[in-house]
Structures are given as structure tokens and as C-alpha cells.
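> no sequence on this one, just coordinates:
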């Protein structure tokens, strides 16, 4: 076409002559109407504007038979850019980007209104831009559901049958037709539990009671009845009897625990001996009036009362945990020992020091101390026997803990036996002091020695009471197990293939040689997923994936296996806790948390 249009080519050359710095691209077409054509620059600067009145003249067409074909001439002008800019643009690979000036113009001059210009912009998009828009439209069609964690919902919650009947006042027959599922039991050595969907149970309760308001009224009525029921003392006895029947088949044997265990036997022996010593010393003090004998009498009475408190603490410490005390009563040993230490300090030390000071200020005549020496000798033998029993018990406990005798005593591992040991040790030393002071009193005939013996016994009791209070208070606050035991448990846990690392490790001594262990685990997600895939048919899973046709099927597939992996994660934690308790029997409560 351009070869047959010399006038048009000349016209285009004129434009290029005045714009040598720019590169133009021209596209020529035709239409069905007779018009004249005007070409303008992109920046609205006109260069040698030529108005062509007759298109046939431009294309050198002399024949009239083709006049209907040359009615319009369309000339498309692209953005004028410099050659250097074009080369840089091609090098950076951004030549496909479109700017605001990339437009096409149709410039018309109507025959009846020559000289009047009419411009119309066309938004002609390239193939690449159209493809990008198509991809964006495809993306917008599939919208992912975003989870709003701020919204609380019970739609996916489970509820146990017992709670469904108690919280929604339903009968077992009402739950028969509801959908149910099996979940892993939260208790050790127990089979999976049956649970219902909470939304189904709530809907069933509304159906049974007619409306939510009626259900709430019945629940309030039941709560009031239950409070009145709990206030009845006979009801409490009935509940205890029923509770014993329920746990009768689950009775546990506590080895070396309770009053008939190792610590209990030591305390019962001390109670019997100190009770007899108290009676004999009381008779000796009433007969002789010795201040030292009075101190020993008070000392034996305080020991007997304190050891009765220890016996109660040992008995209470092995009580089965209940909902009010889920971790049991193991700390009762420390509580009773602490009370015992306070009792020794207040009663034993206070009365002994008071009686000694009174003897110094108001001396009295001393009767014959003949029978007092026999009673002191008998008390020394009996207290020494109790001291030996306590020492043997502590030695066995130290061997089990792989500790020395001193470390076991200072650590307060067995608070009840420690109290017996300290009391008997103080009793033996007190008897020696009393015997020496009474001998000096008999030899010199001066009661000041006897009163001084009472002060020495009081000071000894005060020191022992301070040690007992300190060790038991530290245990009640919360004392960690030894670093060696903690490192051994940590090494066992870190060796598991599912664990990458452990953090925030705590091992707390609960008393009764029991430990509460807590750690946060960094799980290996790859190993967990690999273990999950080993239990499933990968060929079948691949077949399910290839047969998917839409996003909903993919979402259902991911939700199904995601929930299964979470359940498997809980099973792995249960397995780790069970292994730790098998290899470390002292661990009573093991709390492993996911980091």
C-alpha cells in the first residue's frame, strides 16, 4: 500500500524531519467514509500539519471504481521516545510496560465542518496486559477464607456424655441418636472416650425443654438444689461412701509410704518412746524440783506433741488426689514439720529459758537427785535408740537418692524423719547437759548450775527449731530437684527423635520422693509428618489429590489430614510422658508443652 502512496510517504517524511530525536511508528488503515487526515505530535505540538482533502490523491488512485473503499484513513501514532531510551528500555526488559501516554487516537475532520478536530482515545491493551488481567480475575474468583481468631465460637467444640447430661439436663436416651466420635483419653492407661458435638447437644436440649429460657430456669433450679444438698451432713457421708465404692477397684498400694512405711515407723517409734520419757521425767521433776529436770520434762512433752503432728502429716500426705487438690497432699509432710518446728521453738525453748531465768533469780533448795539420775540414764538409752532408728532410715534414703548423709539431711528430702533426727539429737545432748549440771549442783550444793542447764537446753531447742523451720519453709516455697537428676531427665527427653530442643525446664520436689517435671518442646515437624505418612497409603493419597477438581475438595483433604496430625502430636506427647515415668518412677506429674 505504501508503495502506491508517494504523497503519504512524503507527508510522513516531513514529520520525521522536524523530529529527528524521536522514533515514530505509523500504522495506516482505511474506513468507509470520506475524511481528511491530520497527524499531531504526542506533546500536542503540531509540525507541518497537512490536510488531505482527497484520500485518493494521497494513494495515487485515479480510478473511481474504488472510491468507496478510501473513505477513512486511520493513522496510529505510538509514544515518541528517543533511540537511546529505547535501547535502555530493551536492555532492562521493561518494554512491555504501558504508560499513561500509550494511547491511540482517531482524528477526524468532517466534510461539512472542515477545520474542526475531534479526537477520541482508544484504550487498546496488549496481549501481555490482557493475560495479566485474566490471571488476576482468576485469582479473585477463588477467595480464601481468613480465620478471625478474635471471634469466639463453640461450633467445633466437643462435650462428654456426663457433662452433656449435667450441663444441659439431658438423659442418656436423648443422646443416643446424636452424632458422636472417639477422642484420645486425657488420663493415662485409659481407653478413648466418646464425645458429642456441643452444638448438637445444645440443639437437642432446646428441643427437649422447648426453649433456651426454660433450660436456663431448670439449670438455676438444679444449682439451688445442689447447694442445699451439699449443706446436709448426712449427704456428705453418703457421698463419701459412694466415692469409696467407685474407687474400690482402683486402690493403690503406696510402698514405703504412710504410717506403716519407713518414715511412719520412725515417727511412731519416737511417739511411744517420748511419751514414756515424758511420764518418767514428770515424776522425777515432781519429786526433786530440779530446773534441769523440768526442762527435760517440757522437752519430752514438746517432742511427743510435735511427733503426733508429724504422724498426722504423714497420714494426710498419701491421701488420694481429688478435684479440690488435683496434685494431692504430699506437701502436708512439710506443713506438719513446719508446725512442729514452730512448736519446739515456742514451747520447748520458751519454757526452758523461762524456767532457767526464774531459777537464777529465785534459787530454791534442791532435794535428793538420786532417782533423777536413773531416769536420765533411762531416757538417754531410749532417746539414743530412737536416734539410731532415725539415722538408719536417713542412710537408706540417702543411698536411694545417691546422696551423702549430710546432703540428704540439709536438703530436707524426708522432713518427718529429719524432725525426729533433730529432736532426738537435741534430746541426747540435752540429757548430757542436764546430767552434768545436776551433778555440779549436787557436788557444790548450788542451784545456779541446775538453772544454767535449763538455759542450755532451751538454747539447743531453739537452734534445732530454727533449722527445722528453715528447711521446711524452703520446701513449701518450691524447691528444685538436684541438677544431676534434672540433667538425666533432660537427656532422656532430648534423645527422642521427635524433639529438636527443650526449653524452660523445671523439676520441682513435691515431697514423698515425688517430682513434678515441666518442659517446653520444639517438635521436629518433618519427623512427625514422616511418621504420619508411614501409617497411611501414599498411593491412595496421591490418587485422591489427582482426582480433585476444585478448591473445596482440596480444603476438605487438608482439613482431614491436618486434624489427624494434631491428634498424632498429642499421642506423641503421651508416649514421651509414659517413657519418662517408666525410666524415672519418681516423676508423678509430667507436663510437656509445645513451643
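Thanks, I have the structure now. Since this is a predicted model, take the numbers as computed values, not measurements.
> contacts and neighbour counts: CA atoms only from here.
Fine.
> mind listing what residue 517 touches?
505, 506, 507, 508, 587, 589, 590, 591 (CA atoms under 8 Å, 6 or more residues apart in numbering).
> what about the first one, how many residues close to it?
Other residues near residue 505 number 14, with proximity taken as other CA atoms under 10 Å.
> and it, that's in a strand?
Yes - counting by DSSP: H, G, I helix; E, B strand; the rest coil, one finds residue 505 located in a strand.
> look up the residues forming beta bridges with the residue nearest to residue 156 when sequence neighbours are not counted.
Spatially, and ignoring its direct neighbours in sequence, residue 156 is nearest to residue 197 (7.0 Å; CA to CA, 6 or more residues apart in numbering). When bridges are called by DSSP bridges, residue 197 pairs up with residue 158.
> distance of residue 197 from residue 563?
16 Å (CA to CA, to the nearest Å).
> show me where pLDDT drops low in the stretch 301-450 of the chain?
366-368 (pLDDT under 70).
> remind me what the helix or strand encompassing residue 508 packs against, helices and strands.
Under the criterion of DSSP states H and E, residue 508 resides in strand 499-511. Here strand 499-511 touches helix 483-494, strand 514-523, going by 3 or more CA pairs under 8 Å, 6 or more residues apart in numbering; DSSP states H and E.
> pull out the buried positions in that strand.
For strand 499-511, burial by neighbour count (16 or more other CA atoms under 10 Å) applies to 499, 501, 502, 506, 507, 508, 509, 510, 511.
> stretch 472-480 now?
Here stretch 472-480 shows 472, 475, 476 as buried, counting by 16+ other CA under 10 Å.
> mind putting these into a markdown table with distance to residue 280 and secondary structure?
Shown next, in a markdown table, are these (distance: CA to CA, whole Å; DSSP: H, G, I helix; E, B strand; the rest coil):
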| residue | distance to residue 280 | secondary structure |
| --- | --- | --- |
| 472 | 31 | helix |
| 475 | 36 | helix |
| 476 | 37 | helix |
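> where's the dip in pLDDT among these?
Least confident entry in the buried residues of stretch 472-480, by pLDDT: residue 475, with 80.
> in what helix or strand does the residue nearest to it when sequence neighbours are not counted lie?
The spatial neighbour of residue 475 that comes closest, neighbours along the chain excluded (CA to CA, 6+ apart), is residue 334 at 6.9 Å. Taking DSSP H and E as the criterion, residue 334 maps to helix 332-343.
> pull out the buried positions in the helix or strand following that helix.
Going down the chain from helix 332-343, the next helix or strand is helix 350-361, by DSSP H and E. Using 16+ other CA under 10 Å as the test for burial, helix 350-361 gives 350, 351, 352, 353, 355, 356, 357, 359, 360.
> so who does the residue nearest to residue 594 when sequence neighbours are not counted touch?
Spatial nearest neighbour of residue 594, chain neighbours left out: residue 521 (5.1 Å); criterion: CA to CA, 6+ apart. Residue 521 is in contact with 499, 500, 501, 502, 503, 592, 593, 594, 595, counting by CA under 8 Å, 6+ apart.
> about what we covered before: just the closest of the buried residues of helix 350-361 to residue 344, please.
residue 350 (8.7 Å; CA to CA).
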